[in-house]
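Chemist: the sequence isn't on hand, but the structure is:
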């Protein structure tokens, strides 16, 4: 059935690179992945520059994965905690919300944006990101990506800000 079980180990995928570590990682056939104490990172340093961890993970291929006790870390510092996350584990692209964008600057203050990713077809997608700038107001960012054939592709990008500072 091509089952696989790894305990207290790591898998390095060179093409990424991606490192997936865990107390237990199990694959049932080629359809379902489960794990406990999982850590994912594309960083090769120790500790990694950033990583995402999960207490428990269940991912049916072509279904929706479930993550329990998810946490994002920068180096060894926890940054976010989510008790539960649901995500598509499909081969085709899926529309939905992307990871929030957070930052701070003396120019715009605090910045919080939540990107919405929309699949428009097999060869086009659009990302709309409403972004709140604490010192300047609401900014809208949009990016349309398309591919007409192997040689013709493009990106159309735009943003709009009703600036409280006048600029």
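Modeler: Noted; the coordinates are in hand. Since we're looking at a predicted model, the values are computed, not measured. Residues are numbered from 1 along each chain as shown.
Chemist: buried ones in whichever strand or helix holds residue 51?
Modeler: Assigned by DSSP states H and E, residue 51 falls within strand 50-60. By 16 or more other C-beta atoms under 10 Å, the buried positions in strand 50-60 come out as 51, 52, 53, 54, 57, 58, 59. Glycine gets a C-beta too; all of them are placed from N, C-alpha and C.
Chemist: quick one, what contacts the third one?
Modeler: Read that as residue 53. Taking C-beta atoms under 8 Å, 6 or more residues apart in numbering, we find residue 53 in contact with 37, 38, 39, 40, 70, 71, 72, 73.
Chemist: quickly list what it is bridged to.
Modeler: Assessed by DSSP bridges, residue 53 has beta-bridge partners residue 39, residue 71.
Chemist: and the gap between it and residue 23?
Modeler: 11 Å (C-beta to C-beta, to the nearest Å).
Chemist: can you pull the contacts of residue 85?
Modeler: Residue 85 is in contact with 66, 67, 70, counting by C-beta under 8 Å, 6+ apart.
Chemist: with these in mind, which one is nearest to residue 88?
Modeler: Closest approach between those and residue 88, by C-beta to C-beta: residue 66, at 11.5 Å.
Chemist: partner residues bridging that closest one?
Modeler: Applying DSSP bridges, one finds that residue 66 bridges with residue 58, residue 86.
Chemist: distance of it from residue 36?
Modeler: On the measure of C-beta to C-beta, residue 66 and residue 36 end up 13 Å apart.
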